[in-house]
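**Student:** 3D model of this:
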Amino acid sequence: MSRTPTHRGRHRGRRGAAVAAALLVLVTLPAASTADGPGAAHRDRAAADDARGRTAAQTVPGRAPADNVILLIGDGMGDAEITAARDYSVGAAGRLALDTLATTGRRTTFSVDERGRPVYVTDSAAGATAWATGRRTVNGRVSKTPGTNRPLPTLLEKARRHGYATGSVTTASVADATPAALTAHVTDRSCKGPADMAECPADTRAAGGAGSVVEQTVAARPDVLLGGGADHFAQTVRDGPYRGRTVLEQARAAGYQVVRDRAELTAARTDRPVLGLFAPDYLPVEWTGTPAAPGGTAPQRCAVHNPARPAGTPTLAESTRAALDQLTARRDRATGKGFFLQVEGASIDDRAHEADPCGQIGETVAFDRAVAVALAYAGRHPRTLVIVTADHGHATQILPEDARPPGLSSTLVTDEGGRMLLGYATAGSGGTQEHTGVTVPVAARGPLAHRVLGLRENTELFGTVCAALGLR
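**Tutor:** Model prediction:
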């Protein structure tokens with residue numbers, strides 16, 4: 001859900017109200033003491049991952065290298081955010097699920113201005129557009145060109161046209177920037193529902209456009225769409241054939257079965273598309289604690305059960321597992337084509353904006369469990385490419401325990417009994433912490449996993465997914 005620097009005022013109120021990963025910080029495994037020298041164990045695991053992917057890609061002549069692609073995005077999840085979650089939950093020498101993907105690289109994250117010149121810090125709309133379309137755009141814009149403001153074909157649209165099932169899972173609203181980049185084309189990310197079109201006059205149905213994000217998303221018809229955003233679907237369509245009806249009525253008319261909690265998601269049929277709306281906007285985060293403050297906080301342990309989170313709210317891992325079950329049932333038996341699925345841990349970013357270390361770490365751990373679900377699925381279905389990455393870095397710093405940072409900070413007592421000081425210094429008390437312009441990790445397992453090696457442009461993920469699924 002990341003916020004663009006130029007859109008801070010617009011999003012600050014919503015973020016503060018939100019109850020608040022991908023990513024993938026692929027950290028190199030500890031250096032191995034072998035004859036091959038430091039890092040040999042990591043290189044061996046990367047080679048083994050790559051070999052498995054190449055073998056799977058070659059098993060069926062005439063087919064695309066992969067049957068399925070699972071792309072997991074930790075929003076706002078740079079190295080510091082992943083390291084903080086690792087240190088807190090499994091220990092400094094421990095490993096998260098996302099750490100087990102040994103084929104790793106780095107991705108640039110910059111966006112552009114309307115003349116195509118680099119803007120060094122991206123927001124999530126431009127960041128998601130980069131991998132969804134293979135093109136960079138301006139901050140705040142969703143899957144449209146930077147200069148001419150024209151729609152760009154997305155991975156989900158291309159996958160559907162080629163006969164693949166498609167899905168999108170998020171802990172944000174399904175109309176938020178990252179999921180929207182797959183299913184919609186709007187001038188500004190704020191244009192989520194029919195009542196939110198002030199920044200997108202040319203995109204309204206009355207002006208000949210395709211409408212708001214939720215209207216376009218229903219029209220794009222992904223097979224599985226899970227997250228929050230019930231309030232956006234409750235808005236009334238203002239123009240077109242569904243004028244006077246809510247977007248939710250439009251979705252039902254398009255054949256969607258609407259589910260509202262874990263039980264209904266589990267019971268959903270596999271012969272109709274599924275729309276899961278589990279919250280008015282963002283899903284409540286899983287963990288809570290004392291936010292960072294000037295001068296620091298007393299050492300604290302995070303509360304791992306948020307009382308504001310309804311009991312029936314599915315976790316990101318549960319939604320990911322349900323989406324995989326639904327999409328597997330839609331596999332084309334004649335062609336062998338499977339699915340494309342994007343999974344976003346959105347509130348890692350949201351909580352980092354608010355300098356909320358417990359919320360941020362809890363959402364990272366929740367994202368990592370979704371990564372584990374994806375990897376387990378790929379283990380049973382070896383022609384599945386799994387990619388884990390982030391859209392941009394964030395403000396978190398891990399500091400010496402005796403440091404006295406001038407910004408906001410908080411001391412956490414980790415699961416292994418240590419004390420970890422986290423600092424946030426890109427805004428003062430009451431402000432919104434900022435994204436950073438660093439490169440982010442990317443890792444993969446399965447067919448064409450080797451294409452993430454080295455330093456790559458964020459737009460290259462588009463080509464990797466297209467090549468894996470044989471999308472022209």
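**Student:** Which residue ranges of the protein form helices?
**Tutor:** Assigned by DSSP state H, the chain shows helices spanning 8-17, 40-57, 79-89, 124-133, 155-161, 177-183, 213-220, 230-233, 247-253, 262-267, 316-329, 347-353, 357-380, 460-469.
**Student:** quick one: which of the ones you listed is nearest F110?
**Tutor:** Among the helices of the chain, helix 124-133 comes nearest to F110, with 8.8 Å by CB to CB. C-beta coordinates here come from the backbone N, C-alpha and C atoms, glycine included.
**Student:** in the closest one, what's buried?
**Tutor:** S124, A125, A126, G127, A128, T129, A130, W131, A132, T133 (16 or more other CB atoms under 10 Å).
**Student:** Distance from stretch 438-445 to the middle of the chain?
**Tutor:** In terms of CA atoms, centre = their mean, to the nearest Å, the centre of stretch 438-445 is set 13 Å apart from its chain centre.
**Student:** CA atoms of that stretch as CSV?
**Tutor:** What follows is stretch 438-445, C-alpha atoms only, in CSV (Å, rounded to 0.1, in the frame of the first residue of the first chain):
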residue,chain,number,x,y,z
VAL,A,438,17.4,1.3,-2.3
THR,A,439,17.6,-1.8,-4.4
VAL,A,440,15.6,-4.7,-2.9
PRO,A,441,16.2,-8.5,-2.9
VAL,A,442,14.5,-10.9,-5.3
ALA,A,443,14.6,-14.7,-5.1
ALA,A,444,13.0,-17.5,-7.0
ARG,A,445,12.6,-21.3,-7.2
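**Student:** And the buried residues of helix 124-133, which is closest to G423?
**Tutor:** Distances from G423 to those, taken as CB to CB, are shortest for S124 (23.0 Å).
**Student:** these two touch, right, the closest one and H353?
**Tutor:** No. Using CB atoms under 8 Å, S124 is not in contact with H353; the gap is 11.1 Å.
**Student:** Against S347, how distant is Y282?
**Tutor:** 6 Å (CB to CB, to the nearest Å).
**Student:** Between these two, which is the more surrounded one?
**Tutor:** Neighbour totals were compared for Y282 and S347, and S347 leads with 35 against 25 (other CB atoms under 10 Å).
**Student:** State the pLDDT value of that one.
**Tutor:** Looking at S347, its pLDDT reads 98.
**Student:** Touching, it and L283? I think so.
**Tutor:** Yes. S347 is within contact range of L283, at 7.4 Å (criterion: CB under 8 Å).
**Student:** Need the residues touching each of those two.
**Tutor:** T171, A172 (CB atoms under 8 Å, 6 or more residues apart in numbering).
**Student:** Spatially nearest residue to L226 (excluding sequence neighbours)?
**Tutor:** G276 (3.8 Å; CB to CB, 6 or more residues apart in numbering).
**Student:** Just grab the bridge partners of that neighbour for me.
**Tutor:** L226, V259 (DSSP bridges).
**Student:** neighbours around it, how many?
**Tutor:** 27.
**Student:** Is it in contact with G229, as I believe?
**Tutor:** No. Assessed by CB under 8 Å, G276 is found out of contact with G229, at 9.8 Å.
**Student:** OK, contacts around the residue nearest to L226?
**Tutor:** Per CB under 8 Å, 6+ apart, neighbours of G276: V224, L225, L226, G227, V258, V259, R260, L265, P314, S319.
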